[in-house]
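**Q** Structure, please.
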Amino acid sequence: MSAQNQRVDGGFRLGQKGRRTKRKTQRACNHCQRSHLTCNDSRPCTRCLKRGLADTCVDGARKKAKYLLEGSPQMIGTSGGAAIGATRGTPLTNSFGSEAISLEHAVLMNMLATGLAFPVTGQSPRAQQQAVDETHHPLQRAPSGPAVHGLNPVYPQAPGDVYSAVVEPYKYNTGFHFLFKYISRRMGRRDILRVSRAIAHFRPSLVALLRNLTREDLIFMEKSFQRAMLEYEKLIGFVGTPTVVWRRTGEIALVGKEFSILTQWDRQELVATNRFIFELMDAESAVVYWEQFAVHAFENSEHAVMSECRLVRPDGSLVPCAFSFTIKRDLFGIPMAIIGNFLPIL
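**A** Next up is the predicted model:
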């Protein structure tokens, strides 16, 4: 293209045959932004010069996402996957349609704020000894909500039982709270930052989808989850591949017998004691999983994500595995269940 064709004139670019084409600008001025008119990069811009507003023509302010403006006053918008912080001790305001969602959001905010400011620089001998002690004395677990279908005989065993037994929303906040305690005690500062950035990456999308849901919606979501577990258990029984199903927090809901044979973990223990999938991985594998989950959690696809990981047996020995997981979403587009398949690398 010749120099004449590239010449810019009054906010327009001259193209081939002398045609004037509008030139896009990165940010409109305050007057054009308010009037929803096309602007250019000049300051003052062409429209303001014609309207006699040259003295007050400045760049307009960028609009923030609605869910960031309506949330906590301590919330800070982020760019490029950087974490979103919040001040610890900020009173919880129920700006959502349900207390359960507000609690989940509060735990995520506190986790991000604390995780990014975590002072750990590496595991000292004392910290390493603490990790060894906690192997025999696991972190305290709290029930997250209504029982999920599984191997425990007290769980619902039929569709009718699921629909009648679930009367409360599932408390996902306790799962994220456990994740925060786990990574703060078992991981170094670099791994904590990686997990925090991963959660900050998908948190805005999660908040946007959860914001308008009511308590009845959340109960419906939990009934759908438990009903799906009935079907998944039948499917896993036919497949013969080491398989685990867990929630978006990582809490294990269903375990195939082949996975128990591979890792030597008792199926009853994994389901009935609120175990989490990242507890069964070494630190690097757990961090990589959260990074991959953050990228694929809300994309419009149900393709399996392929990776590798190292599973940890009860005796501490590692099992290298080829690992894939598929994210199943509910009616509202929120990750409902993650189905993971593991094959040992011999």
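
**Q** how does this structure divide into domains?
**A** For the chain, the structural domains run 3-56, 66-344, going by automatic domain parsing.

**Q** Show me the shaky parts of the stretch 1-150 of the chain.
**A** Applying pLDDT under 70 to the stretch 1-150 of the chain flags residues 1-24, 63-150.

**Q** Mind doing that once more with 50?
**A** Across the stretch 1-150 of the chain, the ranges flagged by pLDDT under 50 are 1-12, 65-94, 116-140, 142, 145-150.

**Q** Listing partners with orientation, what would you give for the lengthiest strand in the chain?
**A** Ordering each strand of the chain by length in residues (DSSP state E) puts strand 318-329 first. Strand pairing for strand 318-329, using DSSP bridges, gives strand 305-312 (antiparallel), strand 335-344 (antiparallel).

**Q** Return the set of buried residues in the first one.
**A** When you say that, I think you mean strand 305-312. For strand 305-312, burial by neighbour count (16 or more other Cβ atoms under 10 Å) applies to 305, 307, 309-312. All C-beta atoms are positioned from the backbone trio N, CA, C, and that covers glycine.

**Q** Which parts of the chain are helices?
**A** 3-6, 30-35, 46-51, 66-70, 99-116, 125-136, 159-165, 172-186, 189-210, 215-239, 257-263, 267-272, 283-296 (DSSP state H).

**Q** what's the second one packed up against?
**A** I take that to be helix 30-35. helix 46-51 (3 or more Cβ pairs under 8 Å, 6 or more residues apart in numbering; DSSP states H and E).

**Q** got the CA positions of the helix it packs on in CSV?
**A** The C-alpha trace of helix 46-51 is given here as CSV (Å, rounded to 0.1, in the frame of the first residue of the first chain):
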residue,chain,number,x,y,z
THR,A,46,-12.9,15.8,15.6
ARG,A,47,-16.4,15.8,17.0
CYS,A,48,-15.5,17.8,20.1
LEU,A,49,-13.7,20.4,17.9
LYS,A,50,-16.9,20.8,15.8
ARG,A,51,-19.1,21.1,18.8
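
**Q** Residue 35 is in contact with residue 28, correct?
**A** No: using Cβ atoms under 8 Å, residue 28 makes no contact with residue 35, being 9.3 Å away.

**Q** Looking at those two, which is more packed in?
**A** The residue with more neighbours, out of residue 28 and residue 35, is residue 28; 20 against 13, by other Cβ atoms under 10 Å.

**Q** Now for the more buried one: which residues touch it?
**A** 37-39, 59-60 (Cβ atoms under 8 Å, 6 or more residues apart in numbering).

**Q** swap the cut-off to 10 Å and go again
**A** Contacts for residue 28 (Cβ atoms under 10 Å, 6 or more residues apart in numbering) come out as 34-41, 45, 47, 59-60.

**Q** rewinding a little: overlap in contacts, residue 28 and residue 35.
**A** Common neighbours of residue 28 and residue 35 (Cβ under 10 Å, 6+ apart) are residue 47.

**Q** What separation is there between residue 257 and residue 326?
**A** 20 Å (Cβ to Cβ, to the nearest Å).

**Q** again, but for residue 291
**A** 17 Å.

**Q** Please apply the same query to residue 224.
**A** 17 Å.

**Q** picking up where we left off before, closest one to residue 249 among the strands paired with strand 318-329?
**A** strand 335-344 (9.9 Å; Cβ to Cβ).
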